[in-house]
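Enquirer: what's the 3D shape of this:
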Amino acid sequence: MEGAEGVGISGESGNGLTETRGHIRSFVLRQGRVSSAQQRYHEAMMDKIGVPYVVGQVDLDAVFGRAAPKILEIGFGMGETSAAIAAAHPENDYLGVEVHTPGVGSLCKLVAETGIPNQRIVQHDAVEVLRDMIAPDALSGAHIFFPDPWPKKRHHKRRLIQPPLIALLAGRLKPGGYLHCATDWEEYARQILEVLSGEPWLENTAPDFAPRPDYRPLTKFEQRGLRLGHGVWDLVFRKTRVARATASGK
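Expert: Numbers count the residues shown, from 1 in each chain. So this is what the prediction gives:
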């Protein structure tokens, strides 16, 4: 997996779930090796492009130094896709949320080497960032690319994309703002489709799965998978101006 592959549950004990400040964490805190380059760029760049976690809504225009559409990415992995999208779309500002230092250091390195001006990073739990830092209707879009599929059925409760998170995220999107998810695990894709379709503030932009938008580049991992016949499923939903009725009557 490339992208939000660390997203799941952290601090496993007992039944595998750990609640923090009233919610289950949105990541697994794995002890990955941090290269010397990743550590060096992390130390050099996070003072410049890092946004510290705080309990309080953040003025994103002040963070980026301008008024522009703000796109949130949850779980950017090693940051290649994030950097490519930000570089190709200077008209937008991109806020990446990731907990793992190797990935944060890698994206810091990409930003430093290419001079990308519109990328910022929060190294913290995405649920808490959304809940505590992002104001309602502040985001023009959100990306969740290749989250950990937790393929075993007994682990499905650890998956990131669940109704509570999507309801929280929908509240942070502007009317007309979009949520773009992508996965290479078909069963998870169908669950994501069900969860997003059940959120009354979101509507699908396609009959079910969407064509890959041009702004999402193919990763090396994805290209290899496609050559081997593996599928990739994109889902693009938009926030409605009025909550719609759902099958559950919401």
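Enquirer: what about Glu73, is that helix, strand or coil?
Expert: Assigned with DSSP: H, G, I helix; E, B strand; the rest coil, Glu73 falls in the strand class.
Enquirer: Any idea which residue is closest to the centre of the protein?
Expert: Ile74 (1.8 Å; CA atoms, centre = their mean).
Enquirer: Assess the claim that it and Leu160 are in contact.
Expert: Yes - with contact defined as CB atoms under 8 Å, Ile74 reaches Leu160; the gap is 7.3 Å. Just so you know, the C-beta spots here come from the backbone N, C-alpha and C atoms, and that holds for glycine as well.
Enquirer: what lines up beside the strand ranked longest in the chain in the sheet?
Expert: The strand that spans the most residues within the chain, counting by DSSP state E, is strand 173-183. Counting by DSSP bridges, the strands paired with strand 173-183 are strand 139-145 (parallel), strand 233-239 (antiparallel).
Enquirer: returning to that earlier point: who does the residue nearest to the centre of the chain form a beta bridge with?
Expert: Val97.
Enquirer: Just want to check the distance between it and Arg172.
Expert: From Ile74 across to Arg172, the span is 11 Å (CB to CB, to the nearest Å).
Enquirer: between the two, what contacts are shared?
Expert: Shared contacts of Ile74 and Arg172, defined by CB atoms under 8 Å, 6 or more residues apart in numbering, comprise Ala142.
Enquirer: quick one: low-confidence ranges for this structure?
Expert: 1-32, 246-250 (pLDDT under 70).
Enquirer: circling back to that earlier point, send me the longest strand of the chain as PDB with only the CA atoms.
Expert: Presented in PDB, the C-alpha positions along strand 173-183 are these (Å, rounded to 0.1, in the frame of the first residue of the first chain):
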ATOM      1  CA  LEU A 173     -16.000  20.500   4.000                       C
ATOM      2  CA  LYS A 174     -17.500  23.600   2.400                       C
ATOM      3  CA  PRO A 175     -20.700  23.000   0.500                       C
ATOM      4  CA  GLY A 176     -19.500  21.800  -2.900                       C
ATOM      5  CA  GLY A 177     -16.300  20.500  -1.400                       C
ATOM      6  CA  TYR A 178     -15.200  17.000  -2.300                       C
ATOM      7  CA  LEU A 179     -13.900  13.900  -0.600                       C
ATOM      8  CA  HIS A 180     -11.700  11.600  -2.700                       C
ATOM      9  CA  CYS A 181     -10.900   8.100  -1.500                       C
ATOM     10  CA  ALA A 182      -8.900   5.500  -3.400                       C
ATOM     11  CA  THR A 183      -8.100   1.800  -2.500                       C
END
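Enquirer: For it, what is the distance to the chain centroid?
Expert: 10 Å (CA atoms, centre = their mean, to the nearest Å).
Enquirer: ranges for the strands of this structure?
Expert: For the chain, the strands defined by DSSP E cover 19-20, 23-24, 70-74, 93-97, 119-122, 139-145, 173-183, 202-204, 233-239.
Enquirer: buried ones in the fifth one?
Expert: By that I understand strand 119-122. For strand 119-122, the buried set under the neighbour-count rule, 16 or more other CB atoms under 10 Å, comprises Gln119, Arg120, Ile121, Val122.
Enquirer: Can you tell me which of the residues you listed is closest to Val34?
Expert: The shortest approach to Val34 among the buried residues of strand 119-122 belongs to Ile121, at 15.1 Å (CB to CB).
Enquirer: Next up, the contacts around the closest one.
Expert: Counting by CB under 8 Å, 6+ apart, Ile121 has contacts Met46, Ile49, Gly50, Val51, Leu95, Gly96, Val97, Glu98, Val104, Leu107, Cys108.
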